[in-house]
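>>> Let's see this in three dimensions:
(one chain, ligands or ions: 1)
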Amino acid sequence: MPFAGVCGRVCTHPCELECERRNVDEPVSIRSLKRFMADYELRVGREKATPIEKTREDKVAIIGSGPAGLACAYDLVRQGYPVTVFEAAPQSGGLLRYGIPEYRLPNRVVENEIAYIEELGVEIKTNTPVKNLGDVFNQGYKAIFLGTGAGVSQKMGIPNEDTMGVVHALDFLRQVSLGVKVELGERVAVIGGGNAAIDAARVAQRLGAKKVSIIYRRSRVEMPADKTEVEQAEREGVKMHILAAPVRILTKDNQLIGIQCIRMELGEPDASGRRRPIPVKGSEFNMDVDNVIIAIGQVVDKAMLPRELDFTNWGTLSVDPVTLQTSIEGIFAAGDVVSGPADVIAAITAGKEAAISIDRYLSGASLTEGRPETVKRVKEVSKEGVEPKGRQPMPTLELEKRVGFTEVELGFDEKMAIEEAKRCLNCAVCSECLECVKACELKVINQEMEEEIVEVDVGNIIVATGYDAFDPSSLYHYGYGRLDNVVTGLEFERMVSASGPTGGNILLKDGTEPQAVAIIHCVGSRDKNYHKYCSRVCCMYALKYSHLIKEKTSAEVYQMYMDMRCFGKGYEEFYERLSEEGVYFIRAKVGEITNRAVTDEEKGKLVVVSEDTLLGSIIRVPVDMVILCTALEARSDADKVARLFSLSRSPDGFFLERHPKLDPVATMTDGTFVVGCCQGPKDIPDTVAQASAAAARALAMISAGTIEIEAAIATIDEQLCSGCLICNLLCPYKAISFDKEKKVSQINEALCKGCGVCVAACPTGAITGRHFTTEQIMAEIEGVLV
Ligand code: FAD
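Next comes the predicted model:
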């Protein structure tokens, strides 16, 4: 969806009303998180979009460059259509630019998001009002989208409304955003209770008006404006006169001197469901004001639209509610011009829906088939164990700094965004928006697929379930999760990846390049409190990181190691090379990573405090980024997997091979092999070698067609078996099952390894070890002694 930065700021966020988290405490602040992501991209620098290839011949004309028009253009250009947007105003964006003021929606955000749409290949012609749609068709356009908005302020129809000093909100806001100097007196009254009224009042305040009042005819509860905006307006000093309506503009010598109002009371609900305001007889009162701004709504400018089109009784364009086609074939419309004044997200959604219709229309497909789509709702989500935790409050600019049009809401910092995102209940892992289904050209995504258990007969099993990365948060003194720019090796890998969040650039949280980086070895490895073993790969990848940092930045690199383990082909040479490249190798035991500076040099830095184990002294190394080379550990589900495949585990938790030297990929269960890091930490070449070995072993068994099994296995005398099931539970190879009909246990000879556990445990002596009976052993001993 286009306009993440715009929606992240001004969206009316209907999604939050549906958020499952509301059933625990408060909905997730989806809007603010969207803003955070958009701002982050803007801060680190967005990559220029790659233009979409024009694969379709039919040209589409979009009239109006507000959110509806641009959303429609965005979807069509991505489908390969040549799209031109015609805009009457000097700049594109519609009310995003000429309505919503800068302190809520900065122009740089709107410009960046429109630039992205242009980079994709949409042509925008500004200062180009379209007056005749026939001309557009004559220029070769095969379909037209009308997103012309509702840009004319509604009149009140009260006496003296045309007096100098009375302005309409949209004209007022448009002039301010165009940079036209607008003269206002000290006392300003704004009529209305919607977003436009609040915006007009706050803009008037910013232009220097001393006393700004809002006059609204219903109660505060009925005010359609965003509640937060109303609160902010009041904090800034705007006064609310609720349950009051203007009766006439007061003039003296044709000069505006005030406004006469009447008190209202609320009666029965009207068609909108809100209680109808009724004037209280004889309650008129006067207010002395220098300006009146009327903000009671906007209407569609019919003069700009062809007469042949059908209109509703409310003066909006009449369209088919599903296809959004107007009364003229090939002309589609959406946004405020159809709905009347609504909101940005409704305009975007409708613009996208119109794009679907236009594509179908130009492809000769049915406009209606399969529409409207049934919305798939997420099923009931478990809230078990979810601790109530309110949403992160949006930081705002201090009141005294609210001069000019500086943005008031400041956005989440990274820590707040992470905290807020953690409140998400992950309703459906993915949100099932089904965008991927639409985008996939090969149509391979099937959302209807249900989870099923499939039984497959196999002769060999290769277990390659990998490892978990050690979570360094438990090492509090390393500051991971607490201090900015302390990252794990995996996070660093992601950063240097070309498809990663920084496009492969090594950057700090604030988007700048580090001047010094420390790489800490053995985090969670070779540590008796966590894992005693060496994770084997860290020294090597730490060297690789040093090389990358040196290559991509001018930063100094400090390797803090216990001892360098550069075994294997070419690794020692790589280590030597990096020493020559100027990487500092410090044999150190790191005690703490802190941001508490003790010298000027350390201010604003992360300080790695450690003992230099060669010099025997405490050292403090100030750096900008710290990379933690964390341990590789057995997966958290290793126990479950081990039980499933009858595998044994070594004390470090990894799966145990049959023999560490002579049979490193086989397990005690014939036909089951373990490869890669699930068997123990190892690097890619070792993993590949082990995987090839396991494949060869499996193929050898398959090609032989038969397998040899142990001769000395257990047997059960069914006459003696009491069916107590003790042996079933004890067998480490799951070789014993219970025959429910005969009520006796049975041995699977292919699985039994003759370990004798069941023989020793059987209370009735029904189980014996074949070729291993007392008589046989005695006979063997006698044979030896004779
Ligand atoms: P518009 O944004 O009005 O764009 C229509 C465009 O068409 C304009 O650029 C116009 O110049 C152009 N045009 C018209 N006729 C022609 C023609 N003949 N030829 C060429 N171009 C033409 N919504 C929210 O969700 N959150 C908010 O906080 C919010 N605040 C608002 C504050 C104010 C003061 C106002 C007025 C509205 C606010 N809205 C808000 C509503 C929101 O801005 C609109 O619902 C939305 O912009 C409608 O989009 P649109 O594309 O239909 O029309």
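>>> in the protein, which helix or strand is least confident?
Ranking every helix and strand in the chain by mean pLDDT, DSSP states H and E puts helix 435-439 at the bottom, with a mean of 82.
>>> moving C-terminal of that helix, what's the next helix or strand?
Using DSSP states H and E, the next helix or strand after helix 435-439 towards the C-terminus is strand 461-463.
>>> what residues does that next one touch?
For strand 461-463, contacts defined as C-beta atoms under 8 Å, 6 or more residues apart in numbering pick out 641, 645, 647, 655, 667, 671-675, 678, 691, 694-695, 698. Yep, even glycine has a C-beta here, placed from its N, CA and C like the rest.
>>> Buried subset of these, written for PyMOL?
This is how PyMOL selects the buried members of the contacts of strand 461-463, with burial counted by 16 or more other C-beta atoms under 10 Å:
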select buried, resi 641+645+647+655+667+671+672+673+674+675+678+691+694+698
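>>> Taking the contacts of strand 461-463 together, which two end up most distant?
The span of these, defined through C-beta to C-beta, is set by 641 and 695 at 19.9 Å.
>>> Spell out which parts of this structure neighbour the ligand.
Applying C-beta under 6 Å from any ligand atom, one finds that the chain approaches the ligand through 10-12, 63-69, 86-89, 94-96, 99-100, 129-130, 147-149, 151, 170, 173, 195-196, 199, 304, 335-337, 342-345, 347.
>>> Filter the residues you listed down to just the buried residues.
Counted by 16+ other C-beta under 10 Å, the residues of the chain next to the ligand give 10-12, 63-69, 86-89, 94-96, 99-100, 130, 147-149, 151, 170, 173, 195-196, 199, 304, 335-337, 343-345, 347 as buried.
>>> buried set for the host helix or strand of residue 588?
Taking DSSP H and E as the definition, residue 588 sits inside strand 584-594. Neighbour-count burial for strand 584-594, counted by 16+ other C-beta under 10 Å, picks out 585-588, 590, 593-594.
>>> again, but for stretch 658-666
Here stretch 658-666 shows 658, 664-666 as buried, counting by 16+ other C-beta under 10 Å.
>>> In strands, which of those appear?
Assigned to strands by DSSP state E, none of the buried residues of stretch 658-666 qualify.
>>> of all those residues, which comes closest to the ligand?
residue 665 (60.2 Å; C-beta to the nearest ligand atom).
>>> Any stretches of the stretch 601-750 of the chain with poor pLDDT?
Along the stretch 601-750 of the chain, the model assigns pLDDT under 70 to no residue.
>>> Determine the longest strand present in this protein.
Longest strand in the chain, counting by DSSP E: strand 255-269.
>>> State the mean pLDDT of that strand.
The pLDDT scores in strand 255-269 average 94.
>>> The residue lying closest to residue 666 once chain neighbours are set aside and residue 669, how far apart?
By the measure of C-beta to C-beta, 6 or more residues apart in numbering, the closest residue to residue 666 outside its immediate chain neighbours is residue 658, 4.3 Å from it. For residue 658, the distance to residue 669 (C-beta to C-beta, to the nearest Å) stands at 9 Å.
>>> so which strand or helix has residue 234?
Here residue 234 is assigned to helix 227-235, by DSSP H and E.
>>> tell me what the helix or strand just after that helix is packed against?
Proceeding N to C from helix 227-235, the next assigned helix or strand is strand 239-242, under DSSP H and E. Here strand 239-242 touches strand 211-216, going by 3 or more C-beta pairs under 8 Å, 6 or more residues apart in numbering; DSSP states H and E.
>>> just the strands in the stretch 251-400 of the chain please.
With DSSP state E, counting those that start in this stretch, the ranges of strands along the stretch 251-400 of the chain come out as 255-269, 275-279, 285-288, 291-294, 298-299, 331-333.
>>> Same list, those, but as TSV with mean neighbour count please.
As requested, the strands of the stretch 251-400 of the chain are arranged in TSV below (neighbours: other C-beta atoms under 10 Å):
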stretch	mean neighbour count
strand 255-269	16
strand 275-279	16
strand 285-288	14
strand 291-294	27
strand 298-299	20
strand 331-333	28
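>>> Those into a markdown table, with extra columns for distance to residue 771?
Rendered in a markdown table, the data for the strands of the stretch 251-400 of the chain read as follows (distance: least, C-beta to C-beta, whole Å):
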| stretch | distance to residue 771 |
| --- | --- |
| strand 255-269 | 92 |
| strand 275-279 | 94 |
| strand 285-288 | 109 |
| strand 291-294 | 102 |
| strand 298-299 | 95 |
| strand 331-333 | 85 |
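>>> Contacts only, for residue 720.
Applying C-beta under 8 Å, 6+ apart, the residues near residue 720 are 764-766.
>>> again with residue 259
Counted by C-beta under 8 Å, 6+ apart, residue 259 has contacts 189, 215, 246, 248-250, 286-287, 289, 292.
>>> what about burial for these, which qualify?
Neighbour-count burial (16+ other C-beta under 10 Å) is assigned, among the contacts of residue 259, to 189, 215, 246, 248-250, 287, 289, 292.
>>> what ranges of the stretch 101-250 of the chain fall below the confidence cut-off?
In the stretch 101-250 of the chain, no residues with pLDDT under 70.
>>> from it, which residue is nearest to the ligand?
Nearest residue of the stretch 101-250 of the chain to the ligand: residue 149, at 2.3 Å (C-beta to the nearest ligand atom).
>>> show me what contacts the residue lying closest to that residue once chain neighbours are set aside?
Leaving out its chain neighbours, the residue that sits closest to residue 149 by C-beta to C-beta, 6+ apart is residue 336, at 4.5 Å. Shown in contact with residue 336 (C-beta under 8 Å, 6+ apart): 66, 68, 95, 149-151, 298, 300, 342, 347.
>>> for residue 323, same thing?
Residues near residue 323 by C-beta under 8 Å, 6+ apart: 332, 357, 367-368, 371.
>>> if you set the cut-off to 10 Å instead, what comes out?
For residue 323, the contact set (C-beta atoms under 10 Å, 6 or more residues apart in numbering) comprises 332, 353-354, 356-358, 360-361, 366-368, 371-372.
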